[in-house]
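J.: got a structure for you, letters missing:
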């Protein structure tokens, strides 16, 4: 899909990759419905875009099904149609093992990361099918194929997103709607603070070792334009995806050693 004059809905648009997706979509000539739970994040996105222009902003919790249904009506009313959907919104869990994780945190992570994309896809897919060409892009994670101790529930939710997206690709093969699955590695964003979770490494180290959100967003949009099903973002994600296929026990052991001190031994 080429984005010029297309209407694209982006969740998680108030920070990180989502914010960069909005800005770069606007640069590509798209009309964007920017969706985020945080009003201050949306205000920042508008400021960076130097005004709303072809963008509308929508404060929404993607776990609210009635709210998602109302969003679809609002987007069509404001833009006339919907050509693309990028389900980017996501949060991580506190860096603890499952038996130390509160059920409240478990439900929140699953609701945002899995039910959110399900809600958005279920509601917006009929609108996309009406268009000559439509596209759904779901953002999963390297944690969906590489088990990360201390992020087990997050990984489980993202793995669910991955399988749902691949099944959706199969279901839509003979339709006008194409599908992409994004699997990012380490990206320099504020996902920890936006998730209400203490960061696991100093900010400086994270920034120096991770791909920038702008570069990640560019990879995502280029992947969509080229019609890729799997968009693996970052050399770390590509390397660990291969390692997990070739030597799963060794790759899991490697990440376990890196995370051991952060989550404790018990």
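T.: Cool, the structure landed. Everything quoted here is computed from the prediction, not taken from an experiment.

J.: what about residue 137, which helix or strand?
T.: Per DSSP states H and E: residue 137 is located in strand 134-139.

J.: Test my guess that residue 152 contacts residue 97.
T.: Yes - counting by Cβ atoms under 8 Å, residue 152 does reach residue 97; the two are 7.4 Å apart. Every C-beta, even on glycine, is put in place using the N, C-alpha and C of the backbone.

J.: Between those two, which has more neighbouring residues?
T.: Higher neighbour count among residue 152 and residue 97: residue 152, with 18 against 13, using other Cβ atoms under 10 Å.

J.: give the contact list for that one.
T.: For residue 152, the contact set (Cβ atoms under 8 Å, 6 or more residues apart in numbering) comprises 93, 97-98.

J.: Dump these into TSV; add secondary structure as well.
T.: What follows is the contacts of residue 152, written out as TSV (DSSP: H, G, I helix; E, B strand; the rest coil):
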residue	secondary structure
93	coil
97	coil
98	helix
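
J.: in the stretch 151-266 of the chain, which ranges drop under the pLDDT threshold?
T.: Under the criterion pLDDT under 70, the flagged ranges of the stretch 151-266 of the chain are 191-209, 262, 264-266.

J.: what are the ranges of the strands in it?
T.: Using DSSP state E, counting those that start in this stretch, the strands of the stretch 151-266 of the chain run over 177-184, 187-188, 211-212, 230-233.

J.: which strands and helices sit next to the second one?
T.: The criterion is 3 or more Cβ pairs under 8 Å, 6 or more residues apart in numbering; DSSP states H and E, and the helices and strands that strand 187-188 contacts are strand 211-212, helix 213-225.

J.: Partner strands of that strand and their direction?
T.: strand 211-212 (parallel) (DSSP bridges).

J.: Residues contacting the strand it pairs with, please?
T.: For strand 211-212, the surrounding residues in contact (Cβ under 8 Å, 6+ apart) are 184-188, 233-234.
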